[in-house]
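Colleague: test case, fold it:
(chains A and B)
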Number of protein chains: 2
Amino acid sequence: MTSPDDLILVSVDDHIAEPATMFEAHVPQKYRDRMPRVVTDERGRQKWWYGDSPGRMLGLNAVAGKPREMYNIDAARYDEMRPGCWDVHERVRDMDVNGVLGSMNFPTMAGFNARTFTEAGDKELSLVMLQAYNDWAIDEWCAAYPGRFIPQGIVPMWDVDLAVAEVHRLAKKGCRSISFLEAPHAQGFPSFLSGHWDPMLQAISDTNTVLSLHIGAGFDLIQKPDEAPIDHLIILSAQITALIAQDLLFGPTLRQFPDLKVALSEGGIGWIPFYLDRADRHFENQAWLQNDFGGKKPSDVFRDHILACYITDPSGLDARHRIGMDIIAWECDYPHTDTTWPESPEFAWKEFQDAKCSPDEINKITWENTCRFFDWDPFKHTPKDQTTVGALRALAKDVDVTRMPKEEWRKRNEAAGIGVF
Amino acid sequence: MTSPDDLILVSVDDHIAEPATMFEAHVPQKYRDRMPRVVTDERGRQKWWYGDSPGRMLGLNAVAGKPREMYNIDAARYDEMRPGCWDVHERVRDMDVNGVLGSMNFPTMAGFNARTFTEAGDKELSLVMLQAYNDWAIDEWCAAYPGRFIPQGIVPMWDVDLAVAEVHRLAKKGCRSISFLEAPHAQGFPSFLSGHWDPMLQAISDTNTVLSLHIGAGFDLIQKPDEAPIDHLIILSAQITALIAQDLLFGPTLRQFPDLKVALSEGGIGWIPFYLDRADRHFENQAWLQNDFGGKKPSDVFRDHILACYITDPSGLDARHRIGMDIIAWECDYPHTDTTWPESPEFAWKEFQDAKCSPDEINKITWENTCRFFDWDPFKHTPKDQTTVGALRALAKDVDVTRMPKEEWRKRNEAAGIGVF
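Modeller: Here you go, the predicted structure:
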């Protein structure tokens, strides 16, 4: 392994800005007049609607290809995003040009934990739409390119029995991950500690599925000062992940479900050594609390269950042996602001070299740990020598990754009637 | 430097369980009948009272010398604590036997941020008592052993003008630090970002005093699950410190007061590289936010202002060069549960050796950074060759550090009518 071209990259955190047509092939006839739909307003902005409620922004944070100075303006129309945000064929070309073999995608219109459907009033309808969402994601998006996408689904949080049934239904379709709310109590649900989610966690364990908890939804766990700038939200969201780990480790969810696998998506890894030092010292020092970790230390139990996922994390890579070489996984985060696309291979390579990672360590981080954890084998579909960055990029020589000039973006935004920088 | 005996230890975080007589010499005659007082109840328990309100526990968490299995039971009487908790002569002997040259103490009965006085109704009286507290701490406790204690005071949070005046009054007495609330908004005060505290921060800057923010009081910034065990409180309290750093760094307090010095007391250090990586990456990546760090990176500004304090932190020591060799300071935390007393020299030495710290690095961490930051010179009072662990321990050969047998503690607690383990 001598250059970024030799990497094999499987990313466990990317995002789809779902196409307006996504529900069409997956909703039964009797519900079709009530499907979520994309509506263009009088100023040309496009937004998802579900029932009488405007939903999420179309392309929240979908900035890949945009100049950095324009990150403040969310894409308001499909034509303000790279087509790879919503079109699977274009997405695979954007993966190729970035040398990314495999990708797991989180929802946008549905919310990471299906909030769009959970908050709607008609639960019968919402279950239909949620299942249609999953069917589209797995049968249409992922199935279009076998060996390129790790299938992930969402569950109906409003009814744990329905969630159990959906976990089983999805597993039969080859789903490898459930995207869930990192801290259910952050949105008024019972916490992981409450026992409420135990049947679902059992189903996830039983089906060898991964519970993927993406940062962001739990941000309300922190009481910010009233005057806090937006920087707080962006910088501190990864600090929340330690709170989630604490809930799971001392909850004691991880000890209760010995086979449960949890991916801390976009959680970063640099906080882990400090947290585990503290947890182990606490376990030893506060013996009167009589915590039972089954003869192990808290850090051992953490490593038995967790996949720790990062986009860029120089300090974390330095401390990789304190984290655990078998629990670290790389992410791309296309098309969000934190993504390293389209220079992910060079970016990751430089961090690996700065941290003096060996080729074996690099492979663990960029694909081996992920493929083992998600029990997902891309080489069933693509010969291994055709999966490297160099091999994939050779397929995508004609893809234009030029960042659009700032003036061009300004014109588009002005035309769309949204603020300019 | 070849053994723990060669260390010089100055701790910036210890605690006093104040003696019942503390106010007597410092309260004017007309207020003496309204002094805070220690009352023994019918079961033999002793507690501070102020006016009609029972105050804090006498010896919250004062466990030095206790067997670990008994940490759950707070000392309920003076005679359940080591005399070093409240008697300055005994304290210096406990410092000597642990090889600790210098110590900065935080209040117990007053609260880290004078909460006892802030919450009381009569503010004229409370100012008298708060000033008496400071006079006792500086003129009586610290002055008893010149060169052994870094003087620290508290300020009246209920009136920022009074706080300014107290900062100046204390500075004239040689006070080197103000203990304040790590996140004022956690207790319903305006936040550091509000501008409300600016006159006080200016006074602290102008007098070359250090603002010391001890962990704990800001814990309510995190929304715990209802079912969270007590472990959450203990383990996560240091995670709060990153939130405090964020308030100060992006607030932008640290940029507003270029001379302000802030000690993050008991905040730990292992979280810092991850936080600073994230802050610097954010600063670069989210250029549209147009943050102005005066040509520096956020991490530079952090290092210009912060003293990062820890008791035990193996991962943090490994990452010391990412934190900054000039901003790390060691702490003892006598007599709390996290203390390493009476084996602090051996405990710290092992961590230094494990992390392969050089003698120069060790000196920076154990005393040089602290003495420079607090502008406090112990060698004016004690020749340097008499300040090492070995020299101090030679003075304290007769001090009994034997942990009292568990049975002895059980008897004491039963006699005091409090629960036993």
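Colleague: neighbours of residue A:265, how many?
Modeller: Close neighbours of residue A:265, defined as other CB atoms under 10 Å in any protein chain shown, add up to 28. For every residue, glycine as well, the C-beta is placed using N, CA and C.
Colleague: in terms of helix, strand or coil, where does residue A:228 fall?
Modeller: coil (DSSP: H, G, I helix; E, B strand; the rest coil).
Colleague: quick one: the closest residue to it other than its chain neighbours from residue A:21, how far?
Modeller: Nearest non-adjacent residue to residue A:228, counting by CB to CB, 6 or more residues apart in numbering or on different chains: residue B:193, 6.7 Å away. From residue B:193 over to residue A:21 the distance is 45 Å, taken as CB to CB, to the nearest Å.
Colleague: more crowded one of the two?
Modeller: Neighbours per residue (other CB under 10 Å) separate residue B:193 from residue A:21, with residue B:193 holding more: 22 against 12.
Colleague: low-confidence ranges, chain A, go.
Modeller: For chain A, residues meeting the criterion pLDDT under 70 lie at A:56-57, A:60, A:70, A:72-74, A:403-407, A:409-410, A:412-421.
Colleague: ranges for the strands of it?
Modeller: Along chain A, counting by DSSP state E, strands occupy A:9-15, A:37-40, A:46-50, A:53-57, A:100-106, A:152-153, A:177-180, A:210-214, A:261-265, A:306-310, A:328-330.
Colleague: tell me which of the ones you listed sits nearest to residue A:357.
Modeller: For residue A:357, the closest of those is strand A:328-330, at 10.1 Å, according to CB to CB.
Colleague: who's in contact with the closest one?
Modeller: A:9-12, A:263, A:269, A:307-311, A:316, A:320, A:348, A:364-366, A:369-370, A:373 (CB atoms under 8 Å, 6 or more residues apart in numbering or on different chains).
Colleague: how about the residues of the stretch 101-250 of chain A that lie near chain B?
Modeller: A:183, A:185-186, A:191-194, A:220-223, A:225-232, A:234-236, A:238-239, A:242-243, A:246-247, A:250 (CB under 8 Å from any CB of the partner chain).
Colleague: kindly write the ChimeraX command that selects the buried subset of those residues.
Modeller: Here is the ChimeraX command that selects the buried residues among those (16 or more other CB atoms under 10 Å in any protein chain shown):
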select /A:183,185,186,191,192,193,221,222,223,225,228,229,231,232,234,235,236,238,239,242,243,246,247,250
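Colleague: about what we covered before: the contacts of strand A:328-330 also near chain B: which ones?
Modeller: residue A:316.
Colleague: quick one, which of the contacts of strand A:328-330 are buried?
Modeller: Buried among the contacts of strand A:328-330 (16+ other CB under 10 Å): A:9-12, A:263, A:269, A:307-311, A:316, A:320, A:348, A:364-366, A:369-370, A:373.
Colleague: helices of the stretch 151-300 of chain A, start to end?
Modeller: A:160-172, A:198-206, A:230-236, A:240-249, A:253-256, A:272-285, A:298-305 (DSSP state H, counting those that start in this stretch).
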